[in-house]
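> Turn this into a structure:
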Amino acid sequence: MTTAVITGASRGIGRATAINLSQNSEVTNIVLVASSYEGLFETKRMMDSKVNIDMIVFDLMRLDEIDTLMNNIYEKFGSIDWLLNIAGFTDPQTLLDTTIENIQRTYTINVFATMLLSKSAARYMKLNDESQIVNIASTAGFTSRPGWSAYASSKAAVINLSETLAEELAEFNIDVYCISPGRTATDLRKKLAPEEDPTTIMQPEDVAQVIYNLLTDKKSSLAGQNIVVRSKVRR
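Prediction:
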């Protein structure tokens, strides 16, 4: 039995990944985590019903409750095999305009929650023969993004965190992957670039397929590397 935990599962890459795994993998249980019940319900409706699907409404700003969240999942399903840290937050602001609240929320969801979810999951993953953690960063994490200082620096932190965790957790046969997508046609992207034609950029399903490939390829040697995923050049 394989149990996958997906944060940010109510939309975008998280939703696409949940649908992909329900249709294509041998996963037994998929736990959907997000702050929106309506979004989670819609994701569940779109998934293949052959897998056991659990929905948990949870705000990742509640860092002190993450251990309880993961413990409850472990107690219910008996294992945590795949952790997909897909939830993210961005509200682009220039350095001079940004607020403490914006910086705190960006880093709490993008970095601190990712770290604490990984820490909590690893305690149970150590009991498995093998496990995987996938963290979603961004191309913004290694290229300059004027006006995106909080977001870009938080994603740089995710990249380095993933590289570090890959080395720390290797002794427990826990593979840690980091994916940095480029422009992706999510609801968030629509808000940030309303004039952009979403058909000209990468789709959430493209990233979901990369995640699926990493999780199911037992011979993959990409753990610890920053895997950049960009859309193909369109003529």
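> Tell me which residue lies nearest the centroid of the protein.
Ile86 (1.6 Å; CA atoms, centre = their mean).
> Low-confidence ranges, the protein, go.
Counting by pLDDT under 70, the ranges of the chain that qualify are 191-192, 219, 232-235.
> check contacts around the residue nearest to the centre of the chain.
By CB atoms under 8 Å, 6 or more residues apart in numbering, Ile86 lies in contact with Ile6, Thr7, Gly8, Ala9, Gly12, Ile13, Gly14, Thr17, Val134, Ile136. Yep, even glycine has a C-beta here, placed from its N, CA and C like the rest.
> Can you report phi and psi for it?
For Ile86, the backbone dihedrals (degrees, to the nearest 10) come out as phi -110, psi -20.
> what separates it from Glu101, distance-wise?
23 Å (CB to CB, to the nearest Å).
> can you pull the buried residues of the lengthiest strand in the chain?
Residue-count comparison of every strand in the chain, with assignments taken from DSSP state E, identifies strand 174-181 as the longest. Along strand 174-181, the positions that meet the burial threshold by neighbour count (16 or more other CB atoms under 10 Å) are Ile174, Asp175, Val176, Tyr177, Cys178, Ile179, Ser180, Pro181.
> can you pull out the helices in the protein?
Using DSSP state H, the helices found in the chain span residues 12-24, 37-46, 66-77, 100-107, 113-125, 149-169, 187-192, 204-216.
> quick one, phi/psi of Gly182?
Given degrees, to the nearest 10, the pair of backbone angles that Gly182 has is phi -90, psi -160.
> ok, now how distant is it from Arg230?
Gly182 sits 4 Å away from Arg230, going by CB to CB.
> what residues are shared contacts of the two?
When CB under 8 Å, 6+ apart defines a contact, the residues bordering Gly182 and Arg230 alike are Thr139, Met202.
> Send me the longest strand of the chain as PDB with only the CA atoms.
Taking Å, rounded to 0.1, in the frame of the first residue of the first chain, the C-alpha atoms of strand 174-181 are listed here in PDB:
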ATOM      1  CA  ILE A 174      14.300   8.700   1.200                       C
ATOM      2  CA  ASP A 175      14.800  10.400  -2.200                       C
ATOM      3  CA  VAL A 176      14.200  14.200  -2.300                       C
ATOM      4  CA  TYR A 177      13.500  15.800  -5.600                       C
ATOM      5  CA  CYS A 178      13.200  19.500  -6.500                       C
ATOM      6  CA  ILE A 179      11.300  20.700  -9.500                       C
ATOM      7  CA  SER A 180      11.500  24.300 -10.700                       C
ATOM      8  CA  PRO A 181       8.800  25.000 -13.300                       C
END
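> Need the contact partners of that strand.
Applying CB under 8 Å, 6+ apart, the set of residues contacting strand 174-181 is 13, 118, 122, 125-126, 130-139, 141-142, 155, 158-159, 162-163, 165-166, 169, 202, 207, 210-211, 214, 220, 222-230.
> May I see the ChimeraX selection of the buried members of those residues?
Of these, the buried ones go into a single ChimeraX selection, burial set by 16+ other CB under 10 Å:
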select :13,118,122,125,131,132,133,134,135,136,137,138,139,141,155,158,159,162,163,165,166,169,202,207,210,211,214,223,224,225,226,227,229
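> And the furthest pair within the contacts of Ile86?
For those, the maximum inter-member distance is 14.7 Å, found between Gly12 and Val134 (CB to CB).
> follow-up on the earlier one: pipe the buried residues of strand 174-181 into TSV and attach distance to Ile73 per row.
Converted to TSV, the buried residues of strand 174-181 look like this (distance: CB to CB, whole Å):
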residue	distance to Ile73
Ile174	16
Asp175	20
Val176	19
Tyr177	20
Cys178	23
Ile179	22
Ser180	27
Pro181	26
